[in-house]
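1. I would like the atomic coordinates for the input below:
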Amino acid sequence: MNLKGVLMNAFSENKKVAFLVGGAGVAVLGFGLGYKYFIKPEKVTAVGVVSQLLIHPLKSGKALSVALAECQEFGLKYGELQDRVFGADIQGRYCGDEASSWLSRYLACDKTFCLVHFEPHMKPRRPVEIEPIFPQYEQVAYPDVGPVMLLSEASVRDLSTRLEKDVTVERFRPNIVISDCEAFDEDSWEAVQIGDVRMQRVMSCGRCIFTTVDPETGIINRKEPLDTLKSYRQCKPSEKHIYKTSPLFGQLYTVKKTGVFQVGDIVYKISR
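-> Predicted coordinates:
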């Protein structure tokens with residue numbers, strides 16, 4: 001006899017039993033709804049194509065464009081090069097007096113500068129210490145908050161139409177640049193699959209004064225494109241406690257499944 005028949009028999013035989021079974025029926029119904037919600041098949045939708053992969057071996061330094069990269073929990077890696085160096089206390093291996101002397105001479109300041117490198121055995125930091133909306137278990141080394149930043153070419157083009165002089169994606173130091181999508185489509189990609197890699201969006205990237213540094217010349221103007229971004233890319237009032245006055249441009253992701261991806265890979269949005 002099926003479940004429906006059992007319930008009907010119990011109900012007809014005894015009210016008390018019917019009451020108990022009724023409770024069980026609610027539990028069964030609840031389980032059914034939970035099953036439907038949690039086990040609902042994923043919907044996979046192609047939303048763009050990877051046009052560039054950028055690694056920043058030196059924090060705030062010029063990017064290295066690569067055709068293929070390994071995406072680890074701490075971010076992108078290419079050979080011995082790993083993405084970034086943030087203004088917070090964290091371990092790093094001193095790279096020697098020669099590198100320190102060269103940097104100090106080049107920067108021509110009355111300070112001594114040191115080059116440090118984060119190594120696998122060192123203690124990382126937790127993004128949640130800076131941004132509480134990040135999961136407790138997530139860890140990073142030198143990136144600002146999230147290990148991977150994604151931005152679309154269309155969003156940069158949209159910004160350029162509002163400026164006297166065009167800007168390039170390198171100005172915003174993303175890791176993954178996407179083509180074949182509309183401007184700011186990436187704002188709605190909560191989970192994505194690229195190659196072997198699965199990533200989960202955590203928050204938008206709030207932009208700072210470094211967007212006013214020309215990555216080719218190193219010259220800072222302290223105004224554009226930041227002022228223009230502030231005019232039309234502000235957060236919702238309910239998110240002011242997160243982003244304050246920083247305009248939003250690009251999306252920060254955590255890595256749920258590590259692997260390899262490359263330029264030309266299709267970007268899939270994952271939803272249920």
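
2. Check the burial of residue 152 by counting its neighbours.
-> Neighbour count for residue 152, taken as other C-beta atoms under 10 Å: 29. In short, each C-beta sits where N, CA and C put it, glycine included.

3. where does residue 217 land on pLDDT?
-> At residue 217, the model reports a pLDDT of 86.

4. what's the next secondary structure element after the strand or helix carrying residue 227?
-> For residue 227, the host element (DSSP states H and E) is helix 226-232. Next along the chain after helix 226-232, taking DSSP H and E as the criterion, comes helix 240-243.

5. by contact count, what packs against that next one?
-> Other helices and strands packing on helix 240-243, by 3 or more C-beta pairs under 8 Å, 6 or more residues apart in numbering; DSSP states H and E, are strand 197-206.

6. buried set for the strand it packs on?
-> 197-206 (16 or more other C-beta atoms under 10 Å).

7. For that strand, the averaged confidence score.
-> 92.

8. Would you give the sheet partners of that strand, along with the direction of each?
-> Strands adjacent to strand 197-206 in the sheet, as given by DSSP bridges, are strand 191-194 (antiparallel), strand 248-257 (antiparallel).

9. Reformat those as CSV; add distance to residue 268.
-> CSV is the format used below for the strands paired with strand 197-206 (distance: least, C-beta to C-beta, whole Å):
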stretch, distance to residue 268
strand 191-194, 4
strand 248-257, 13
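
10. how about these, which one is nearest residue 175?
-> Closest approach to residue 175 among these (C-beta to C-beta): strand 248-257, 8.8 Å.

11. mind checking the SS state of residue 103?
-> helix (DSSP: H, G, I helix; E, B strand; the rest coil).

12. From what I see, it and residue 97 are in contact.
-> No: using C-beta atoms under 8 Å, residue 103 is not in contact with residue 97; the gap is 10.7 Å.

13. could you pull out the helices for the chain?
-> Per DSSP state H, the chain carries helices over the ranges 3-13, 15-38, 97-107, 153-160, 226-232, 240-243.

14. what pLDDT, on average, does stretch 50-64 get?
-> On average, stretch 50-64 scores 85.

15. got any ranges where the stretch 101-250 of the chain has weak pLDDT?
-> Within the stretch 101-250 of the chain, the ranges that satisfy pLDDT under 70 run 113-114, 116-146.

16. Quick check: the nearest residue to residue 257 once chain neighbours are set aside vs residue 262, distance?
-> Excluding the flanking residues, the one nearest residue 257 by C-beta to C-beta, 6 or more residues apart in numbering is residue 198, at 3.7 Å. Separation of residue 198 from residue 262 (C-beta to C-beta, to the nearest Å) stands at 16 Å.
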